[in-house]
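S.K.: Sequence below, structure please.
(chains A, B, C and D)
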Amino acid sequence: MIKVQKEDFNISEEIESLTNGDSAIGAISTFVGLVRDQDNSEVPTSVLKSMTLEHYPAMTEKKLLEIETEAKSRWNIKSSLIIHRYGQLELGEKIVFVACASSHRQDAFDACNFLMDWLKTEAPFWKLEETHSGNDWVDKRESDDKAAERWK
Amino acid sequence: MIKVQKEDFNISEEIESLTNGDSAIGAISTFVGLVRDQDNSEVPTSVLKSMTLEHYPAMTEKKLLEIETEAKSRWNIKSSLIIHRYGQLELGEKIVFVACASSHRQDAFDACNFLMDWLKTEAPFWKLEETHSGNDWVDKRESDDKAAERWK
Amino acid sequence: MKILYFAWLRQRIGTDTEEFVLPNEIETVEDLINWLITRGSGYADAFAKPEIIRAAVNLEYVSFDHSLDDEDEVAFFPPVTGG
Amino acid sequence: MKILYFAWLRQRIGTDTEEFVLPNEIETVEDLINWLITRGSGYADAFAKPEIIRAAVNLEYVSFDHSLDDEDEVAFFPPVTGG
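M.R.: Just a heads-up that it's a prediction; the model follows:
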């Protein structure tokens, strides 16, 4: 399932509805991405005030569904969930949540890791960091491209 | 942090206290293990009624702390949590919860996966499955030994 | 043709959506970029480094040699940074 | 010496903890197992396949040639199946 929303969410409730009483589910791997402070060692910590996520709604929905379908074709997944937020988020707020439920743990772990890596390079979101010294669009990370390459 | 307990727990609250306002945390990987039905294709599904987990309290605490320390020495982890329950658990109940918080996602994913693999082969717990046709101690899985071998 | 801009392309161009009837000689995404650049300094600034821009046509990533149709929805944006 | 049994070893032996003063000739975990087996059919049943039993001394996994001390806490159990 795909949810693209402004609102925060409750992880326990999302996991609950993911398993939905399916007694074959023994393993759930999840990932939570949070707004965190920048890696800039030249400036004091806590320079980030907030972050605004922009996206391309129709394409986001389409790409996330494709990513989820690809994960289900590669691993034995009983159910999965991707929640991605947009709009302005404060430091420490949840940005993204991915959960994969399976009978066995390695399927769940690998599918969740894959979903995050693909989402980072395929889903049309852009982060604008708001700091005390101005606003900056986040640059893409080479390491994200490499992470996505692993699954090709 | 290590918690060995009979009681259920709330995943959202546990994640909240794990991050505890640390603004350098951008990634949390978690794993939830649930009581699931058996893989026995010869009998109808839903044969499992409940499961009882026995453990060796003093050694459990010691081994889980060792496992957690090992994970922290291998990956850049800001904080981590292992909760393992014991006693009688019904189908669908949570058995184990592992969470690793980090700045970047791959550290979090790998540490969480490692913790689960080591816990499976090192932590002194034993599962007794209660079915309609009697009680059976769960046999160890060769695949768990292989999974733990990956990290040596 | 509908054209969408996101993130700093949107900011530099100063709008998020435009509708055009394109000149006949525009056949590919690359032709479209070269035509847009002639429309003003905001466009020239936005497309100054075309090699880092990604293009999508009808919600699918495409390369710059992709052929365009008048009914297409074309989007230009920087590398994605979600997750 | 304190000896603990877990899971089906505990069930077959019929107790979870015992305290013994050991005969002098018992030096290793293997000696202890061989001595326990002589104490009754429950023990013989529990240790029928010693190669699948795991032993811990003072909360650490040990091999069967590990030397024992009178103050040790020794535990015997099947392969672990938690998680």
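
S.K.: from here on, contacts and neighbour counts on C-alpha atoms
M.R.: Will do.

S.K.: Show me the strands in chain A, by range?
M.R.: Secondary structure of chain A (DSSP state E): strands at A:2-5, A:27-34, A:48-55, A:79-85, A:87-90, A:94-102, A:125-131, A:134-137.

S.K.: For chain C, find the nearest of these.
M.R.: Among the strands of chain A, the nearest to chain C by CA to the nearest CA is strand A:125-131 (4.5 Å).

S.K.: what number of residues lie near A:Glu122?
M.R.: The tally of other residues near A:Glu122 (other CA atoms under 10 Å in any protein chain shown) stands at 23.

S.K.: returning to that earlier point: now the strands of chain A in JSON lines, please, with extra columns for distance to C:Ala44.
M.R.: Output for the strands of chain A, formatted as JSON lines (distance: least, CA to CA, whole Å):
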{"stretch": "strand A:2-5", "distance to C:Ala44": "33"}
{"stretch": "strand A:27-34", "distance to C:Ala44": "35"}
{"stretch": "strand A:48-55", "distance to C:Ala44": "23"}
{"stretch": "strand A:79-85", "distance to C:Ala44": "32"}
{"stretch": "strand A:87-90", "distance to C:Ala44": "28"}
{"stretch": "strand A:94-102", "distance to C:Ala44": "33"}
{"stretch": "strand A:125-131", "distance to C:Ala44": "21"}
{"stretch": "strand A:134-137", "distance to C:Ala44": "19"}
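
S.K.: Mean neighbour count for those strands - can I get that in JSON lines?
M.R.: Converted to JSON lines, those look like this (neighbours: other CA atoms under 10 Å in any protein chain shown):
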{"stretch": "strand A:2-5", "mean neighbour count": "15"}
{"stretch": "strand A:27-34", "mean neighbour count": "27"}
{"stretch": "strand A:48-55", "mean neighbour count": "20"}
{"stretch": "strand A:79-85", "mean neighbour count": "23"}
{"stretch": "strand A:87-90", "mean neighbour count": "18"}
{"stretch": "strand A:94-102", "mean neighbour count": "26"}
{"stretch": "strand A:125-131", "mean neighbour count": "22"}
{"stretch": "strand A:134-137", "mean neighbour count": "14"}
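
S.K.: Can you convert these into a markdown table and add a column each for distance to A:Leu64 and mean pLDDT?
M.R.: Listed next are these as a markdown table, based on distance: least, CA to CA, whole Å; pLDDT from 0 to 100:
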| stretch | distance to A:Leu64 | mean pLDDT |
| --- | --- | --- |
| strand A:2-5 | 7 | 98 |
| strand A:27-34 | 15 | 98 |
| strand A:48-55 | 12 | 95 |
| strand A:79-85 | 8 | 98 |
| strand A:87-90 | 18 | 98 |
| strand A:94-102 | 11 | 98 |
| strand A:125-131 | 11 | 95 |
| strand A:134-137 | 22 | 93 |
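
S.K.: Can you add distance to chain C and give these back as TSV?
M.R.: Listed next are the strands of chain A as TSV, based on distance: least, CA to the nearest CA, whole Å:
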stretch	distance to chain C
strand A:2-5	12
strand A:27-34	7
strand A:48-55	7
strand A:79-85	7
strand A:87-90	12
strand A:94-102	6
strand A:125-131	5
strand A:134-137	7
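
S.K.: Those strands: which one's closest to chain D?
M.R.: Closest to chain D of the strands of chain A, according to CA to the nearest CA: strand A:27-34, at 10.0 Å.

S.K.: C:Leu9 and B:Pro57: what is the separation?
M.R.: For C:Leu9, the distance to B:Pro57 equals 60 Å [CA to CA, to the nearest Å].

S.K.: returning to what we had before: the strands of chain A: which one's closest to chain B?
M.R.: strand A:27-34 (4.6 Å).

S.K.: Does chain D have contacts with the closest one?
M.R.: No - using CA under 8 Å from any CA of the partner chain, we find that strand A:27-34 stays clear of chain D, coming within 10.0 Å at best.

S.K.: Does that strand reach chain B?
M.R.: Yes - judged by CA under 8 Å from any CA, strand A:27-34 comes into contact with chain B at A:27-34.

S.K.: That strand pairs with which strands, parallel or anti?
M.R.: Each strand that pairs with strand A:27-34, with its direction, by DSSP bridges: strand A:94-102 (antiparallel), strand B:27-34 (antiparallel).

S.K.: Distance to B:His84 added to those, as TSV?
M.R.: As requested, the strands paired with strand A:27-34 are exported to TSV (distance: least, CA to CA, whole Å):
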stretch	distance to B:His84
strand A:94-102	19
strand B:27-34	9
